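K.L.:
Sharing a model that was predicted from the sequence below.
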Amino acid sequence: MKTYIKENWPRMQEELFSLLRIPSVSAKKEHRQDMYRCAERLVELLLEAGADEAGVYETAGHPVVFGRKDIGAPQTVLVYGHYDVQPPEPLEKWRTDPFEPVIAKDPATGEEAIYARGANDDKGQLFMHLKAFEFLLRSGKLRHNVKFIFEGEEEIGSPSLPAWVQEHKDMLKADVILVSDTTMISDKVPSINCGMRGLAYLEVKVTGPNKDLHSGHYGGAVANPIQVLCEMIASLINKDGRVTVPGFYDDVVELSADDRAMLARAPFDMDEYKAFLDIDEVRGEKGYTTMERTGIRPCLDVCGIWGGYTGEGAKTVLPSVAHAKISMRLVPWQTSEDITEKFEKHFLRIAPKCVKVEVKRCEGGNGFLIPITSAAYRAASRAMGEVYGIEPVPSRGGGSIAILADMQRILGTDPLLMGFGLERDTIHSPNESYLLRQLFAGMESIALFYQYY
């Protein structure tokens, strides 16, 4: 594979760049046609790589790309990825145009990386599977049937995909769902995610008086919605870092000491972690390590809060309304529906009579776990160990890919997460990038996975 990459990299680079140039931002209506452009380009790349068939399929939202190669093998691998990306804002913090990819040196290490929105998440990682498949097919080493499903709504919670998967479940039958849409713990020791957290995401609105008021005439006499909202939010986490919503932890399974010790094999340098984030101290649920807090424990965070006047200069106004967006990361066996209901009831119950409160459900999905004893996991571990020179460790992903739990349930097939991103890639943020060495190592590892599975 190394030789194949070296000989074909100029062509591969332009193919990947052709995807990265398309602003396939699923969250914005003005990019609707860009979603189709990106889907159609993926169809072209699938067919050029050697797929028997590939096409764009309509959903209730953004389109799905499906392709397949059937060689009559007893086992089938279903490759999942997503071609939609996060909005690039704030644009002023990008050093380059987010949709004009460039290869540049990492300012900290000097290593070459691709800079663009989607370089890692998930166009770059999706692209690794296309090229590994292409290599195996052209070298006569493909031993499995391969199917591809690339969606355009992962960054907005995959609202349309469960119904599409249900409708096409016979077409999607496979022995494993192979995914590269996650990060490794570090570039020193590779890791394989054996589970991910779920998500419950809501927006809350607190309304006080029926209009903005003069802060001199009414300040101190009428409830300020921003202050009330802040008080309510502050009450959601106690001094030990635990969520106070009644029943929040009812379905959380405590890991055994042996399981925690196994996960603790992953390398973690606290000083390096704090230096990377430019913080003096970490914070979280009492009794758990930083790695456990982001992998095996649920949490609640405020992702946005606004209200009142925020423009230049002073405006002495007592606002009528305040808003906040709240994210809750969930662990097996919490469910998004249950936690959302519990949060909504609690938040409405703690609201003082001086304000009116509304809770809007935005998106959600459940977490999942996979066994590390499976043939697919063992094949991935062997492949990555060969490429990196060290056995990968199992880990729990702190983020969410909501659709994977749905696909696991509908298809009866476990996902396997071979992610090659690193924290330095700053996905979802300005200056997203992907190291070339990780891109190439991913292609090599995926190709070896097919040989060992």
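P.N.:
Alright, I've got the coordinates. Residues are numbered from 1 along each chain as shown.

K.L.:
Tell me where the stretch 351-453 of the chain has helices.
P.N.:
Listed from the start of the chain, the stretch 351-453 of the chain has helices (DSSP state H, counting those that start in this stretch) covering 375-388, 402-411, 436-452.

K.L.:
could I get those helices as JSON lines with mean neighbour count?
P.N.:
C-beta here means a position set from N, CA and C on the backbone, and glycine is covered the same way. As requested, the helices of the stretch 351-453 of the chain are arranged in JSON lines below (neighbours: other CB atoms under 10 Å):
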{"stretch": "helix 375-388", "mean neighbour count": "19"}
{"stretch": "helix 402-411", "mean neighbour count": "21"}
{"stretch": "helix 436-452", "mean neighbour count": "21"}
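
K.L.:
now the helix or strand of the chain with the lowest mean pLDDT, how far from the chain's geometric center?
P.N.:
Evaluated with mean pLDDT, DSSP states H and E, the helix-and-strand set of the chain has its lowest mean pLDDT in helix 257-263, which scores a mean of 85. In terms of CA atoms, centre = their mean, to the nearest Å, the gap separating the centre of helix 257-263 from the centre of its chain is 25 Å.

K.L.:
pretty sure Trp333 is touching Asp250, no?
P.N.:
No: the pair Trp333 / Asp250 is not scored as a contact, 9.6 Å apart, by CB atoms under 8 Å.

K.L.:
Check which helix or strand the residue of the chain positioned farthest from its centre maps to.
P.N.:
Here the chain has its C-alpha centre computed as a mean, and the residue farthest from that point, by CA atoms, centre = their mean, is His217 with 47.5 Å. Secondary-structure element containing His217, defined by DSSP states H and E: helix 215-218.

K.L.:
just the helices in the stretch 201-350 of the chain please.
P.N.:
Along the stretch 201-350 of the chain, the segments classed as helices by DSSP H, counting those that start in this stretch run 215-218, 225-234, 257-263, 270-277, 290-293, 336-349.

K.L.:
re earlier: so can I have a markdown table of the helices of the stretch 351-453 of the chain showing mean pLDDT and distance to Phe347?
P.N.:
Listed next are these as a markdown table, based on pLDDT from 0 to 100; distance: least, CB to CB, whole Å:
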| stretch | mean pLDDT | distance to Phe347 |
| --- | --- | --- |
| helix 375-388 | 96 | 40 |
| helix 402-411 | 93 | 22 |
| helix 436-452 | 98 | 41 |
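
K.L.:
could you redo those as JSON lines and give each row distance to Val355?
P.N.:
Listed next are the helices of the stretch 351-453 of the chain as JSON lines, based on distance: least, CB to CB, whole Å:
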{"stretch": "helix 375-388", "distance to Val355": "50"}
{"stretch": "helix 402-411", "distance to Val355": "32"}
{"stretch": "helix 436-452", "distance to Val355": "49"}
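
K.L.:
Ser26: which of the ones you listed is closest?
P.N.:
Checking the helices of the stretch 351-453 of the chain against Ser26 by CB to CB gives helix 402-411 as the closest, at 12.9 Å.

K.L.:
Report the angle between that closest one and helix 336-349.
P.N.:
Relative orientation of helix 402-411 and helix 336-349, computed by axes from the mean of the first three to the mean of the last three CA atoms, to 10 degrees: 130 degrees.

K.L.:
who touches helix 402-411?
P.N.:
For helix 402-411, contacts defined as CB atoms under 8 Å, 6 or more residues apart in numbering pick out 78, 80, 151, 154, 157-158, 161-162, 165-166, 169, 172-174, 177, 179, 196, 198-199, 336, 363-368, 413-415.

K.L.:
Can I have the buried ones of these as a PyMOL selection?
P.N.:
In PyMOL, selecting the buried portion of the contacts of helix 402-411, with burial taken from 16 or more other CB atoms under 10 Å, looks like this:
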select buried, resi 78+80+151+154+157+158+161+162+165+172+174+177+179+196+198+199+336+363+364+365+366+367+368+413+414+415
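
K.L.:
circling back: between the helices of the stretch 351-453 of the chain, which gets nearest to Asn238?
P.N.:
Smallest distance to Asn238 across these (CB to CB): 27.8 Å, for helix 402-411.

K.L.:
Quick check: Leu19 touching Lys123?
P.N.:
Yes: using CB under 8 Å, Leu19 makes contact with Lys123 at a distance of 4.8 Å.

K.L.:
what touches both of those two?
P.N.:
Between them, Leu19 and Lys123 share these contacting residues under CB under 8 Å, 6+ apart: Tyr83.

K.L.:
So for these two, which sits in the more crowded spot?
P.N.:
More neighbours surround Lys123 than the other of Leu19 and Lys123, with 28 against 24 (other CB atoms under 10 Å).

K.L.:
Tell me the pLDDT of Val253.
P.N.:
Looking at Val253, its pLDDT is 88.

K.L.:
Equivalent analysis for Ser186, please.
P.N.:
Among the per-residue scores, Ser186 shows a pLDDT of 79.

K.L.:
now Gly365
P.N.:
Taking Gly365 on its own, its pLDDT is 88.

K.L.:
Run through the bridge partners of it.
P.N.:
Taking DSSP bridges as the rule, Gly365 bridges to Leu199.

K.L.:
give the contact list for it.
P.N.:
For Gly365, the set of contacting residues under the criterion of CB under 8 Å, 6+ apart consists of Gly157, Ser158, Gly198, Leu199, Ser336, Ser400, Ile401, Ala402, Ile403, Ala405, Asp406.

K.L.:
Tell me where the stretch 1-150 of the chain has strands.
P.N.:
Under the criterion DSSP state E, counting those that start in this stretch, strands of the stretch 1-150 of the chain are mapped to 53-57, 64-69, 76-82, 102-105, 112-115, 145-151.
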